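S.K.: Below are the sequence and a predicted model; questions follow.
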Amino acid sequence: MSSSARRVVVCVLIVATLTLLGEAQLNSALAAKIQTVMSRPEFAHSNFGIEFVDLQTGQVLYAVNADKMFVPASTTKLLTEGTVLARLGGDFRFHTFVYRTGPLDKNGTLKGDVILVASGDPNLSNRVQPDGTLAFVDEDHTYQGPALPGDPLAVLQEMAKAIATKGIRTIEGNVYIDTSLMPDGGHEGGTDVVQSSIIVNDNVVDLTGKPGAKAGDPTTITVSPDTGYVHFVNKLVTGAANSKPSLDLSQPSPRPDGSIEVTLNGSLPAGAETQTGAYPVPSPTRFATFALRKCVADAGIQIKPGKASETPDFAALKKFYTPDNVVAEHTSPPMSEDVKITLKVSHNLHASMGPYYLGLFVARASKDVLNAGFKVENEFLKSANLDLSGASQGDGEGGDWADLFSPDFMCRYLAYWKTRPDFSTLFAGLPILGKDGTLAKIQVTSPAAGHVFAKTGTFGSEDRLNARQMLNGKGLAGYVITKSNRTIAFAAYVNHTALPNDPDAAQKVAGQALGEIAAAAYDTLP
């Protein structure tokens, strides 16, 4: 080898060595920042699982317990919504039809029933905007946040107007909701909302409470939507100015007309701001039925049910589900919009429906739909050549004790998504650090705000022994876009953290900590 050639080789080796030393120093800085967070006294008995992977090189930049399984909480939604997006497609839309079951005479009298056939559309609400997008607030109303402005029955009102446009003035029959696709089922674990193929206003009634002027005064409660299905008996009083708000709801008591009565007990502190809450309706089908009947009446259509049954034979009535008998229809915004909503606000009901959608619309299953949906997801993940030994899942939203993932599995999953042509759709749905969704209040002043795009997760329980809360799992998984536009996939979990009895403690302690860990990558990596 000539002397000049040797000099070239030496130079290359020096550059390579300096590059490796530089990377090592950067990774050392990242590790130091992460260690500072994990060493805090509040995490003395906690378990951390973390991994950062450079998606340009495939290099693992940092890892601790990356091959161990952790309670992922709502980061589980990444798998659910990713599979729904991949297998149904971002352009998938729900089509909800309303049919008549009899002839319409020249006077506008329908001698038959009107039946809305539920399609599984999760957004029969005022989320739908004129431009076809879906609106959200960072703290969703199903988590006791404020409801969206406007009429929560907006979609049903439009359908009722369409029925009137068909010339129907009187219905000599009844108005029904056919939920044969998926009847009212179990309660979603995180918000207690009932799963069903009919979803009006996310299957909740929004409550707004305002205290009186002084302790002992009655409170003011407003209800939306007020369909006549739930009758609230307000026994809330105004508490002392420094007291904590409390609310106790009685078990629903049935009324002869099929509606229910619920008593509200508790107190709202004097001087407090307006309090918001949501009541999950026990029967989405009955709730939607009352709502549609109200909307039909509001449209100027008279209903004369006679002795009609509250539970008709829908199988026999399907013969009327033909194009000629359509009196109203609604087409949902594309699935890409619902994926965004579900990920941004961590919507439990929408995510819990994901496996059912896969079972119903991909597997075309009529029985054991949930397991059919998970089989679709299993096949999707295997087609991505992912090792499922680091994954376990029991529901769509992340509230099942079977939900367990390793940080390494989650990073490999995120890396796979970066290669897909529909990656931008999934990416657009992720909350942005310090900016929106469930990350709106996390690391707001950090330089990394606006550069971390990730799904959050919280799963806790009550530690009655010590009169405190136990945070079983807090998670954050997604992507960091570095200063040089490198994409870093990461998954960070902390399990088993004791918290005080403060509803905001999970965010203040663990949420901020995981946000800080994600921000460390932006701070230290070029």
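M.R.: Received it, and whenever you're ready, just let me know what you need.

S.K.: Next up, the contacts around residue 518.
M.R.: Residue 518 makes contact with 433, 443, 448, 452, 454, 476, 478, 480, 490, 492 under the criterion C-beta atoms under 8 Å, 6 or more residues apart in numbering. To be clear about C-beta, it is placed using only N, CA and C from the backbone, and glycine gets the same treatment.

S.K.: Just want the most central residue of the protein.
M.R.: residue 347 (1.2 Å; C-alpha atoms, centre = their mean).

S.K.: mind checking pLDDT for that residue?
M.R.: With respect to pLDDT, residue 347 has a value of 97.

S.K.: which residues touch it?
M.R.: Residue 347 neighbours (C-beta under 8 Å, 6+ apart): 140, 142, 202, 341.

S.K.: quick check, the second one in a helix?
M.R.: Yes - applying DSSP: H, G, I helix; E, B strand; the rest coil, one finds residue 142 inside a helix.

S.K.: That one contacts residue 191, correct?
M.R.: Yes - counting by C-beta atoms under 8 Å, residue 142 does reach residue 191; the two are 4.6 Å apart.

S.K.: can you give me phi and psi for the residue nearest to the centre of the chain?
M.R.: With angles defined as degrees, to the nearest 10, residue 347 sits at phi -80, psi 110.

S.K.: do the same with residue 285
M.R.: Torsion angles, degrees, to the nearest 10, at residue 285: phi -70, psi -50.

S.K.: any idea how far it is from residue 277?
M.R.: Residue 285 sits 23 Å away from residue 277, going by C-beta to C-beta, to the nearest Å.

S.K.: Looking at those two, which one has more neighbours?
M.R.: Comparing residue 285 with residue 277 by other C-beta atoms under 10 Å, the one with more neighbours is residue 285, at 22 against 19.

S.K.: measure the more buried one to residue 318 for me?
M.R.: From residue 285 to residue 318 the distance is 17 Å (C-beta to C-beta).

S.K.: Also residue 148?
M.R.: From residue 148 to residue 318 the distance is 34 Å (C-beta to C-beta).

S.K.: of these two, who's got more company?
M.R.: residue 148 (20 against 14).

S.K.: which residues does the more buried one contact?
M.R.: Residue 148 neighbours (C-beta under 8 Å, 6+ apart): 125-127, 135-137, 141.

S.K.: Let's see that with 6 Å instead.
M.R.: 126, 135 (C-beta atoms under 6 Å, 6 or more residues apart in numbering).

S.K.: and the gap between it and residue 62?
M.R.: In terms of C-beta to C-beta, residue 148 sits 40 Å off from residue 62.

S.K.: Give me the buried positions along stretch 445-463.
M.R.: 446, 448-449, 451-460 (16 or more other C-beta atoms under 10 Å).

S.K.: cool, and stretch 326-343?
M.R.: 327-328, 330, 332-343.

S.K.: In strands, which of these fall?
M.R.: When the buried residues of stretch 326-343 are checked against strands (DSSP state E), the matches are 327-328, 330.

S.K.: just the CA coordinates of the lengthiest strand in the chain, formatted as CSV?
M.R.: When the chain is parsed with DSSP E, its longest strand is strand 468-481. Provided in CSV are the C-alpha atoms of strand 468-481 (Å, rounded to 0.1, in the frame of the first residue of the first chain):
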residue,chain,number,x,y,z
ARG,A,468,-53.8,6.9,47.8
GLN,A,469,-53.8,6.1,44.1
MET,A,470,-51.6,3.5,42.4
LEU,A,471,-50.5,4.3,38.9
ASN,A,472,-50.3,0.9,37.4
GLY,A,473,-49.1,2.2,34.1
LYS,A,474,-48.2,5.4,32.4
GLY,A,475,-47.0,5.4,28.8
LEU,A,476,-45.8,7.6,26.0
ALA,A,477,-44.9,6.2,22.5
GLY,A,478,-44.3,7.8,19.2
TYR,A,479,-41.7,9.9,17.4
VAL,A,480,-39.2,12.7,18.0
ILE,A,481,-38.2,14.8,15.1
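
S.K.: mind listing what whichever helix or strand comes after that strand pairs with, with the direction of each?
M.R.: Using DSSP states H and E, the next helix or strand after strand 468-481 towards the C-terminus is strand 487-495. Strand pairing for strand 487-495, using DSSP bridges, gives strand 47-54 (antiparallel), strand 468-481 (antiparallel).

S.K.: Show me the helices in the stretch 51-200 of the chain, by range?
M.R.: Applying DSSP state H, counting those that start in this stretch to the stretch 51-200 of the chain gives helices spanning 77-88, 154-165.

S.K.: Out of these, which is closest to residue 395?
M.R.: helix 77-88 (8.5 Å; C-beta to C-beta).

S.K.: List the buried residues of the closest one.
M.R.: Buried, per 16+ other C-beta under 10 Å, within helix 77-88: 77-88.

S.K.: give me the low-pLDDT residue ranges for the stretch 201-350 of the chain?
M.R.: 307-310 (pLDDT under 70).

S.K.: State the next helix or strand along the chain beyond the one helix or strand residue 262 maps to.
M.R.: Secondary structure assignment for residue 262, by DSSP H and E: strand 260-269. Per DSSP H and E, the first helix or strand lying C-terminal to strand 260-269 is strand 275-280.

S.K.: Run through the neighbouring helices and strands of that next one.
M.R.: strand 204-210 (3 or more C-beta pairs under 6 Å, 6 or more residues apart in numbering; DSSP states H and E).

S.K.: In terms of secondary structure, what does the strand it packs on contact?
M.R.: strand 220-224, strand 275-280.

S.K.: So which bits of it are buried?
M.R.: Buried, per 16+ other C-beta under 10 Å, within strand 204-210: 204-207, 209.

S.K.: Equivalent analysis for stretch 377-384, please.
M.R.: 377, 380-381, 384.

S.K.: Please identify which of the residues you listed is nearest to residue 405.
M.R.: Checking the buried residues of stretch 377-384 one by one against residue 405 (C-beta to C-beta), the nearest turns out to be residue 381, at 11.4 Å.

S.K.: what's the burial count for the nearest residue to the closest one once chain neighbours are set aside?
M.R.: The shortest distance from residue 381 to any non-neighbouring residue, by C-beta to C-beta, 6 or more residues apart in numbering, is to residue 388 (6.1 Å). Counted with other C-beta under 10 Å, the neighbours of residue 388 add up to 11.

S.K.: ok, now residue 248?
M.R.: Residue 248: 11 neighbours (other C-beta under 10 Å).

S.K.: Does it belong to a helix, a strand or coil?
M.R.: strand.

S.K.: got it, and residue 349?
M.R.: Under three-state DSSP, residue 349 comes out as helix.

S.K.: my guess is it contacts residue 186, does it?
M.R.: No - contact criterion C-beta atoms under 6 Å: residue 349 and residue 186 do not qualify, at 11.6 Å.

S.K.: In terms of neighbours, single out the busier of these two.
M.R.: Neighbour count, other C-beta under 10 Å: between residue 349 and residue 186, residue 349 has more, with 27 against 11.

S.K.: Spatially nearest residue to that one, not counting backbone neighbours?
M.R.: residue 193 (4.6 Å).

S.K.: Next, give phi and psi for that neighbour.
M.R.: The phi/psi pair for residue 193 (degrees, to the nearest 10) is phi -80, psi 140.

S.K.: Count the neighbours of it for me.
M.R.: Neighbour tally, residue 193, other C-beta under 10 Å: 24.
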